[in-house]
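**Student:** generate a structure from the sequence data that follows.
(one chain, ligands or ions: 1)
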Amino acid sequence: MLTYTQAENLLRKYEQTHVLKFWNELNDAERQHLLKQIEQIDFDNLSQLIELTRQQNTTVSREMEEAPIVRLADRVDKDAAMRRLGEEALRKGKVAAFLVAGGQGSRLGFDGPKGMYPVTPVKRKSLFQLHAEKIISRARRYDTVIPWYIMTSHSNHKQTVAFFRENRYFGLRPENVFFFRQEMLPAVDEQGKLILDRKDSVFMSPNGHGGALKAMWDSGAVKDMRHRGIEHIFYFQVDNVLTRICEPEYIGYHIAAGADMSNKVVHKAYSGEKMGVICSMEGKTALVEYSDMTDEQMQATDANGGLKYWAGSIAVHMIDVAFVEKETDHGFRLPYHVAHKQIPFVDEQGRVVQPRDKNGYKFETFVFDALNHARATMTLEVERSEEFSALKNGEGLDSPETARRDMNRLYARWLRQAGYPLPADDDGATDIEISPLFADEVQALMARQHEIPPFSTPFYLE
Ligand code: UTP
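**Tutor:** Residues are numbered from 1 along each chain as shown. Got it, this is the predicted structure:
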């Protein structure tokens, strides 16, 4: 651990000595806490990040072109073969599930990790339980183990792990669930100074979902995967209630393309929809965040008058273990992005202030930037109504209400496809829930048609 003098010298070198301004008021434990934090900060890296805040204009000036994408229409003839390929990889135990759940979920305004949010229409199962049951169901079908790697962050790790323990891992075997934390990075104010959010604490935030690759490596998760014979990682986010976890078709397309990293996309609902877009830049598949696109790029149309950049990413990736190794074993290679945010700070008297305006910068890495390093990639178009509905906000768009409506619609559609006589279509108003343990896809539901009881509301199948 650093001594006070060492910390002071280090901070002086980087013009950050204000971090010690309350030193004389701190007790021993608080002093230790602050020294430990200072020790953990990579100041050379921080100087480069501060430099980034001084560069303006992040909009993409490079030419965006259409990326090669396996369109829905192309899939009709290929899906069955791709499914068989994916099933073989699952059966041989080559596929792991990987969840990024380190975010702060600030827009949802839920007290606790977002994965604990009680989301399903009838049973109010948490997102974590919903995902767990999908994994159990998939693994059972192929008589295999699908290990689940879960990335948390310092701010939600303990609560997440405790939640799994209290719920007996939702039926998974604990030795097949692997938790690890992503790194934290300090934020800076508009003068490039570290921000104290307590007299003894520098404000830190998670290093973005791109930190997943580094954390997988640093935590030993990659080693564990190798030990188990895992070759392909199914990457997903905590808040998409319709994710088809470890879907064999997707795994098959990824393997057949010999891809290092693959993407799933849906057609954007409207030009201004806030989704990152898969395109091609300088001959490589890339994802451009909506916030980095100009208005012109957002509205651009193709020769047929359709949206030119239509391919919205749903942040579901396949990533090869060998690729993660390449990305991390010679040091972390993803670029940092700057986000202008409201960050709590202590004033001269040491009181905590929650600013009304943006007052500083946070730094994040994005997992999709790894696409730039991939030798080969594959992008698959999927049906939004079957695969994508994200829980982001407390109300309105992408809220608990829309997530439940989209689940209701999905389950009603599956029941109808299975020939089950549902009352008139009410477009997601009736609460219907099919546990992944009963059926995790429409084919599985069809196979169990005869077991479905008569309809009543709310309707739950397990
Ligand atoms: P979002 O970008 O939607 O952020 O994360 P968020 O933290 O969940 O929500 P807001 O923006 O504060 O409201 C998308 C996914 O990436 C994960 C999240 O947990 C979520 O699954 N994520 C995000 C991380 O794992 N680490 C991060 O540093 C950021």
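
**Student:** give me every residue that touches the closest residue to the ligand within the chain.
**Tutor:** With C-beta to the nearest ligand atom as the measure, Gly103 is the residue of the chain nearest to the ligand, at 2.3 Å. To be clear about C-beta, it is placed using only N, CA and C from the backbone, and glycine gets the same treatment. Applying C-beta atoms under 8 Å, 6 or more residues apart in numbering, we find Gly103 in contact with 114, 153, 206, 209, 238.

**Student:** mind checking which of these are buried?
**Tutor:** Buried by 16 or more other C-beta atoms under 10 Å: 114, 153, 206, 209, 238, out of the contacts of Gly103.

**Student:** what's the closest non-adjacent residue to Arg62?
**Tutor:** Met281 (5.2 Å; C-beta to C-beta, 6 or more residues apart in numbering).

**Student:** for the spatially most central residue of the chain, give me phi and psi.
**Tutor:** The geometric centre of the chain, computed from its C-alpha atoms, lies nearest to Gln237 (C-alpha atoms, centre = their mean), at 3.1 Å. The phi and psi values for Gln237, taken as degrees, to the nearest 10, are phi -100, psi 160.

**Student:** would you confirm that Asp329 contacts Trp217?
**Tutor:** Yes - using C-beta atoms under 8 Å, Asp329 and Trp217 qualify as a contacting pair, with a distance of 7.1 Å.

**Student:** in the stretch 301-450 of the chain, which spans are helices?
**Tutor:** 321-328, 384-387, 400-417, 442-447 (DSSP state H, counting those that start in this stretch).

**Student:** can I get these in CSV with mean neighbour count, distance to the ligand and mean pLDDT?
**Tutor:** CSV is the format used below for the helices of the stretch 301-450 of the chain (neighbours: other C-beta atoms under 10 Å; distance: least, C-beta to the nearest ligand atom, whole Å; pLDDT from 0 to 100):
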stretch, mean neighbour count, distance to the ligand, mean pLDDT
helix 321-328, 19, 15, 94
helix 384-387, 16, 16, 97
helix 400-417, 20, 13, 97
helix 442-447, 16, 26, 96
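
**Student:** packing partners of the lengthiest helix in the chain?
**Tutor:** Looking across the chain with DSSP state H, the single longest helix is helix 72-91. For helix 72-91, the packing partners by 3 or more C-beta pairs under 8 Å, 6 or more residues apart in numbering; DSSP states H and E come out as helix 248-256, strand 377-381.

**Student:** rerun at 6 Å
**Tutor:** helix 248-256 (3 or more C-beta pairs under 6 Å, 6 or more residues apart in numbering; DSSP states H and E).

**Student:** quick check: residues of the stretch 201-350 of the chain near the ligand?
**Tutor:** 206-209, 237-239 (C-beta under 6 Å from any ligand atom).

**Student:** closest one of those to Pro458?
**Tutor:** Asp239 (22.9 Å; C-beta to C-beta).

**Student:** the closest residue to the closest one other than its chain neighbours - how many residues pack around it?
**Tutor:** Nearest non-adjacent residue to Asp239, counting by C-beta to C-beta, 6+ apart: Leu391, 4.3 Å away. Using other C-beta atoms under 10 Å, Leu391 has 25 other residues around it.

**Student:** among the helices of the stretch 301-450 of the chain, which comes closest to Glu433?
**Tutor:** Across the helices of the stretch 301-450 of the chain (criterion: C-beta to C-beta), the nearest stretch is helix 400-417, sitting at 6.3 Å.
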